[in-house]
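*Asks:* Sequence and predicted structure are below.
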Amino acid sequence: MLRGAPARRRTGLACIALLVLAAAPAVAQFDRTQISGVVKDESGGVIPGATVTVTNLDTRLPRTVVTDGSGFYILTNLPPGAYDIEVELPGFKKWTRTGVRLDAAAKLTLDATLATGVRSKRKTSRTWR
């Protein structure tokens, strides 16, 4: 009877350790956020192929995705913080939101409407003498 006690104790401790280790990644995922939405034009039509870029203001690291055939995009596993969000596609003006705050475990839906037209670029010329 005493011989089996240490073996059972080790088995029990191993099971507890396995449960604790298996739960650790699940707990870590609760502090991540996501942004998703649909990109449309001014008439309400969806825009596939638009580039959506979110930039974390603390790290300055951008993440980029392209909208699918239904204009949908999703960025998952983002750390909490403040973000700048840009949506662009040639033939449309760039859409921008700055300082969007994402708290832990937030799931933000942010739709974008792109206006037709080209983004104006300033041309400068210099005359060298």
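*Replies:* That came through fine.
*Asks:* and stretch 99-110, how far apart are its ends?
*Replies:* Stretch 99-110 has an end-to-end distance of 13 Å (criterion: C-alpha to C-alpha, to the nearest Å).
*Asks:* Pull the residues that contact that stretch.
*Replies:* 30-37, 57, 78, 80-85, 97 (C-beta atoms under 8 Å, 6 or more residues apart in numbering). C-betas here are computed from N, CA, C, even on glycine.
*Asks:* switch the cut-off to 10 Å
*Replies:* For stretch 99-110, the surrounding residues in contact (C-beta atoms under 10 Å, 6 or more residues apart in numbering) are 29-39, 52, 54, 56-57, 73-76, 78-85, 87, 97.
*Asks:* filter the residues you listed to the buried ones?
*Replies:* In the contacts of stretch 99-110, burial by neighbour count holds for 33, 35-39, 52, 54, 56, 73, 75, 78, 80, 83-85, 87, counting by 16 or more other C-beta atoms under 10 Å.
*Asks:* can you tell me which of those residues are in strands?
*Replies:* 33, 35-39, 52, 54, 56, 73, 75, 78, 83-85, 87 (DSSP state E).
*Asks:* got any ranges where the protein has weak pLDDT?
*Replies:* For the chain, the stretches flagged by pLDDT under 70 are 1-30, 119-129.
*Asks:* for it, what spans make up the strands?
*Replies:* With DSSP E as the criterion, the chain has strands spanning 33-41, 51-56, 62-66, 72-78, 81-88, 95-102, 107-109, 112-114.
*Asks:* among the ones in strands among the buried ones among the contacts of stretch 99-110, which two are most distant?
*Replies:* 38 and 56 (22.6 Å; C-beta to C-beta).
*Asks:* Of the ones in strands among the buried ones among the contacts of stretch 99-110, which is the nearest to residue 117?
*Replies:* residue 87 (14.3 Å).
*Asks:* so residue 49 makes contact with residue 87?
*Replies:* No. Counting by C-beta atoms under 10 Å, residue 49 sits too far from residue 87 to count as a contact (11.2 Å).
*Asks:* Mutual contacts of these two, please.
*Replies:* 39, 67.
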